[in-house]
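here is a sequence together with a model predicted from it:
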Amino acid sequence: LGVPAAAMMIPCAWATLLVCFPLENLDLRLEKEEVEARQVELGPFSAREGWSLAILCLAILLWVGQPLIVDKYAAADYLSISFVALACSLLFFLPKIDVLTWKTAQREIDWGAIILIMTGLSVGTAVYRTGAAEWVSIVSFSRLDAVHPIGQVFLVVLGVCLMKVLFSSNTLTGIIVVPLMIALSKQLGISSALLAIPAGITSSLSFILVTSAPANVILYAAGYFSIKDMAKAGLIMTIWASAAVTISVLLFGRFCGIDAF
């Protein structure tokens, strides 16, 4: 169900970006000679570039092969995604490899972006642990029984998107909202999948806040747009996404055993 929804979101996202951020009159064409000149400037493939590529491949291999390694060598206690990321990052600083120095890392790393991510996660965790998140979810979706099934799906998707502003985390949103939708659907006497699946799909969408996903922060750190810019386009995209997920669930859900009518 996510694939049809994503396919519908792509043209909507393209149109939203063109409206909110009109294209500048830039000539981005490069002549063949210019490309070749830049390639010459780069020089031959260096040992440091080779080490960088090797470390990246090692990290990907450990991430992908993690289940096999854990089962075979009982490495569940330490071979986590975060451990692999940190361990491979430290390899760049080893003397024989010498890809990075700590002084360079301090200067080039955008520490403000890292603080922004941690702040968002901290706020979301606090809202979750105090019970405020569950209370907001219950209050927001308690009257879904008075709405047509089409409206139920649309309101769930729209509500989850807007709740991301409060929770500031895709993971926390999924942890809070999906179980709530399952319990609420049983209370309303409708299919659990009709509400839980749209909520699960939507919990991974991050359109409004920069802090909702690390990928957003990486782009924000480049300095090409502000938090206000993202929120402006994100609010419009939230409406499009709500409609796309609703249409996908209602049209293609019957092939997955979801019957809204």
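Cool, the structure landed.

which non-adjacent residue is nearest the residue nearest the centre of the chain?
Note on the chain: the residue nearest the mean C-alpha position is Ala213, at 4.5 Å, using Cα atoms, centre = their mean. Sequence neighbours aside, Ser206 is the residue nearest to Ala213 in space, at 4.1 Å (criterion: Cβ to Cβ, 6 or more residues apart in numbering). For glycine as for every other residue, the C-beta is placed from the backbone atoms N, C-alpha and C.

cool, Gln66 as well?
Leu79 is the one closest to Gln66 (Cβ to Cβ, 6+ apart), at 6.0 Å.

and the one you found, how many neighbours?
18 (other Cβ atoms under 10 Å).

how is it assigned, secondary-structure-wise?
coil (DSSP: H, G, I helix; E, B strand; the rest coil).

would you confirm that it contacts Leu62?
Yes - the pair Leu79 / Leu62 is scored as a contact, 7.1 Å apart, by Cβ atoms under 8 Å.

can you map out the helices along the stretch 101-250 of the chain?
102-108, 111-129, 132-141, 149-167, 170-188, 192-202, 214-221, 227-252 (DSSP state H, counting those that start in this stretch).

if we can go back for a sec, quick check: pLDDT value at the residue nearest to Gln66.
If you check Leu79, the pLDDT there is 74.

for it, give me its contacts.
The contact partners of Leu79, by Cβ atoms under 8 Å, 6 or more residues apart in numbering, come to Leu62, Gln66, Ile69, Val70.

state the distance from the third one to Leu209.
It refers to Ile69. With distances taken as Cβ to Cβ, to the nearest Å, Ile69 is found 35 Å from Leu209.

so for the two, which sits in the more crowded spot?
Leu209 (20 against 14).

circling back to that earlier point, so the residue nearest to Ala213 sits against Lys164, correct?
Yes - the pair Ser206 / Lys164 is scored as a contact, 6.4 Å apart, by Cβ under 8 Å.

of those two, who's got more company?
Lys164 (27 against 21).

so that one touches Gly174, yeah?
No - taking Cβ under 8 Å as the definition, Lys164 is not a contact partner of Gly174, at 10.4 Å.

anything in contact with each of the two?
Ser203.

where are the low-confidence patches of the stretch 101-250 of the chain?
The stretch 101-250 of the chain contains residues with pLDDT under 70 at 113, 116-117, 120-121, 124, 127-128, 133-134, 137, 142, 145, 167-172.

can you count the residues close to the residue nearest to Val19 when sequence neighbours are not counted?
Closest residue to Val19 apart from its sequence neighbours, by Cβ to Cβ, 6+ apart: Ile236 at 7.8 Å. Neighbour count for Ile236, taken as other Cβ under 10 Å: 17.

show me what contacts Ile236?
Ile236 is in contact with Thr16, Val19, Cys20, counting by Cβ under 8 Å, 6+ apart.

can you tell me how far the last one sits from Met237?
For Cys20, the distance to Met237 equals 9 Å [Cβ to Cβ].

the two: which has the busier surroundings?
Neighbour count, other Cβ under 10 Å: between Cys20 and Met237, Met237 has more, with 23 against 16.

that one contacts Phe207, correct?
Yes - using Cβ under 8 Å, Met237 is in contact with Phe207, at 4.5 Å.

how near is Ala231 to Gly112?
Counting by Cβ to Cβ, the gap from Ala231 to Gly112 is 18 Å.
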